[in-house]
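Chemist: Curious how this folds, go ahead:
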Amino acid sequence: MFVCGGRRDFVSDEPAEEYVRHALGSCGGDIEVGLARQLGELARELHSKPDMEALLQQITKAAVDEIDGAEHACISLVEGQIVRTHAATDDMVARVDQRESELKEGPCITSLRTEVTVRSDDFETEERWPRFVAAAMQEGIRSMLAVQLFVVGDNLGALNIYATRRNAFTEHDESVAMLLAIHAAIAMRGHKVESNLRVALGSRDVIGQAKGILMERYKISEAEAFHLLVIASQKTHRKLRVVAETLATTGDLGVL
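Modeler: Numbering: from 1, shown residues only. Here you go, the predicted structure:
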């Protein structure tokens, strides 16, 4: 089997970082519009997850629940040049995904490189990725679907869906998987932005506390207090937040 199709961008009046692009199906098909209503409730549930780990686990569960041919699923995330398994419905697919990462070949790797949905209907006749296919078949896998998770400028990873029977996935299943991937990518991006914001706010608060201590002790201005923290950060080769947190927690001016 060969992958056909290309990449497609949504047209939006929103700023570039706010819209999401998605891959076409393995044979060029787009997402079935009617599926949006079916997965609307799921999208709200994804956005309600308290942390990234819970979110990723819910996405893999949803893939098995919502995609007719799916028996197992996992999510592989991109960390620099490395692809790691971050959520899986069971240990078996975690092992299969790990082998794909080690071998650097397979549907997930191809999906990440080409930005298209990749489907293999029968591993027994599959001529791509021979080493990965052999490893997957030893675990009982016979067909697979890989859908990229990404937003503009941010390649997040891939949703990998597995079955122990041949010809498990249809074009309709691809449509469900692609739409699920869009909801998942948006939710993941939202969690990432929210997490970064919490860190930024926490840093601002602790730096403010440290500045307050210095202003009170030395009777200096806010700008002068901040300058002292910057100098301490540079001298000790520690992040400004760490210096401020130490001062705010211990009150020890020795950190300066």
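Chemist: who touches the residue nearest the centre of the chain in this structure?
Modeler: Most central in the chain under CA atoms, centre = their mean is residue 156, positioned 4.1 Å from the mean C-alpha point. The neighbours of residue 156, taking CB atoms under 8 Å, 6 or more residues apart in numbering as the test, are 77, 78, 149, 150, 185, 188, 189. Heads up, the C-betas are built off the backbone N, CA and C, glycines and all.
Chemist: Please repeat the previous calculation with a cut-off of 10 Å.
Modeler: Contact analysis of residue 156 by CB atoms under 10 Å, 6 or more residues apart in numbering lists 75-78, 112, 148-150, 181, 184-185, 188-189, 192.
Chemist: Check residue 242 too.
Modeler: Residue 242 neighbours (CB under 10 Å, 6+ apart): 203, 206, 232, 233, 236, 255.
Chemist: Can you classify residue 123 by secondary structure?
Modeler: Assigned by DSSP: H, G, I helix; E, B strand; the rest coil, the conformation of residue 123 is coil.
Chemist: Could I get the contacting residues of it?
Modeler: Residue 123 sits in contact with 129, 132, 133, 134, 136, 137, 141, 142, 143, 144, 166, where contact means CB under 10 Å, 6+ apart.
Chemist: hang on, the earlier thing: among the contacts of residue 242, which lie within helices?
Modeler: 203, 206, 232, 233, 236 (DSSP state H).
Chemist: can you count the residues close to the third one?
Modeler: What that stands for is residue 232. 21 (other CB atoms under 10 Å).
Chemist: How is this structure divided into domains?
Modeler: According to automatic domain parsing, the chain comprises the domains 7-195, 197-255.
Chemist: Need the winner for burial among the ones you listed.
Modeler: A comparison of these by mean neighbour count, using mean count of other CB atoms under 10 Å, puts domain 7-195 on top with a mean of 18.
Chemist: Give me the mean pLDDT for it.
Modeler: Here domain 7-195 scores 79 as its mean pLDDT.
Chemist: related to what we said a few turns ago, rebuild the ones in helices among the contacts of residue 242 as JSON lines, extending it with distance to residue 56.
Modeler: Below are the ones in helices among the contacts of residue 242 laid out as JSON lines (distance: CB to CB, whole Å):
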{"residue": "203", "distance to residue 56": "26"}
{"residue": "206", "distance to residue 56": "29"}
{"residue": "232", "distance to residue 56": "38"}
{"residue": "233", "distance to residue 56": "34"}
{"residue": "236", "distance to residue 56": "36"}
